[in-house]
Structures are given as C-alpha cells and as structure tokens.
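S.K.: What would the 3D arrangement of this be:
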Amino acid sequence: MRYKYCPKCGGTLRLNDKQDSTRPVCTECGFVFYQNPAVGVAAIVMREKKILLGKRSGTYRGQWCIPCGYVEWEEDVNDAAKREFEEETGLQIRIKRVYAVLSNFHNPEQHTVGIWFLAEEEGGSLKAQDDLEEAAFFSYGQLPELAFPTDKQVLRKLKEEGLLS
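M.R.: Alright, predicted model coming up:
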C-alpha cells in the first residue's frame, strides 16, 4: 500500500477483505481509497521528419523524452499538452490530433496513462527550460538514451508509419 492514512478522516487504512492493495479501506469511516492513475500528456513536434526531444534535468536526469507533463486538476488535456510543451521548449503549438494512448508502468510509485498528441509549431523560440536542459531534433537512427519505454513505442510507431526518418 502506498498510503497509510485516510484522506477523509485520518483513520488508518487497511487492505480490504480481498487483500487488494489498490483499494485500501479506512478502519474508522469505511472509505475505500481507490488509487487511480495520473494522466500525462506529450506533444509530438516534427521538422523534416525529425522529432523534437528534450534532455531531462530533474527525474531521469540526462535521459531524453518527448516533451511531456501532467494534466492539472480541471485542465483540459489539449490545454495541458500545449502548456507543458511551451513551459519546457519555449514553443507554442497547435494540437492536430491524438496519436497514441498508453499505460505507463515505468514508475512503481505512480501508474500513469499517457496521451501523445501530434502537433505543429505556431510560434515562440526553441529553448530548453523548466524540466529540460537541452532540446533538439532527432531522426530515428540518431535517437539518444530515452527515459520512458512508452516513448520508444511511440517513436517506433512514427518510424513504421513513415512519419519519422
């Protein structure tokens, strides 16, 4: 179990009758604590069949990823993708469509569901910032060490569909 105390009353959480660690129950008020995945978003921006990747500066430092982040409470997923992309790269984008939706299991502390959007540049200047220390365009044959297994799946799909050189 990731949590020990009830978010409603502060009572102690215990495993339910089925011993299901994803749904602990409060011993005081009976609240069932459903642990749902967080939603992450990423934007795929290409130039001349090369993809923009960012070198991470925080968690997974030194590894590269498709620029991404979490959806905030009461934020639309499209708006979150645009906001995160601009925060990390300095570029404003226009979302074209959803490209992939995958479950991320790389972090045992937080299951996430990722949504990758195809997008195109609308403005701004490319500059790594926020959680990135570098940003650059790569062809499939030049890919650096990637932080997330799901990004590898997305990049392979882009290559197979002829969108990435």
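S.K.: I believe E28 is in a strand; please confirm or correct that.
M.R.: No: applying DSSP: H, G, I helix; E, B strand; the rest coil, one finds E28 to be coil, outside a strand.
S.K.: hang on, isn't it packed against R14?
M.R.: No: between E28 and R14 there is no contact under C-beta atoms under 8 Å: 10.4 Å. Where C-beta positions appear, they are placed from N, C-alpha and C, glycine not excepted.
S.K.: what's the distance between the residue nearest the centre of the chain and S103?
M.R.: Centroid-nearest residue in the chain: G40, 3.5 Å away (criterion: C-alpha atoms, centre = their mean). According to C-beta to C-beta, to the nearest Å, G40 and S103 sit 11 Å apart.
S.K.: Find residues that contact each of those two.
M.R.: Between them, G40 and S103 share these contacting residues under C-beta atoms under 8 Å, 6 or more residues apart in numbering: T112, V113, G114.
S.K.: Nearest residue to the second one in space, ignoring adjacent ones along the chain?
M.R.: Residue nearest to V113 in three dimensions, not counting chain neighbours: P37, with 5.0 Å by C-beta to C-beta, 6 or more residues apart in numbering.
S.K.: Please apply the same query to the first one.
M.R.: Leaving out its chain neighbours, the residue that sits closest to T112 by C-beta to C-beta, 6+ apart is N104, at 4.3 Å.
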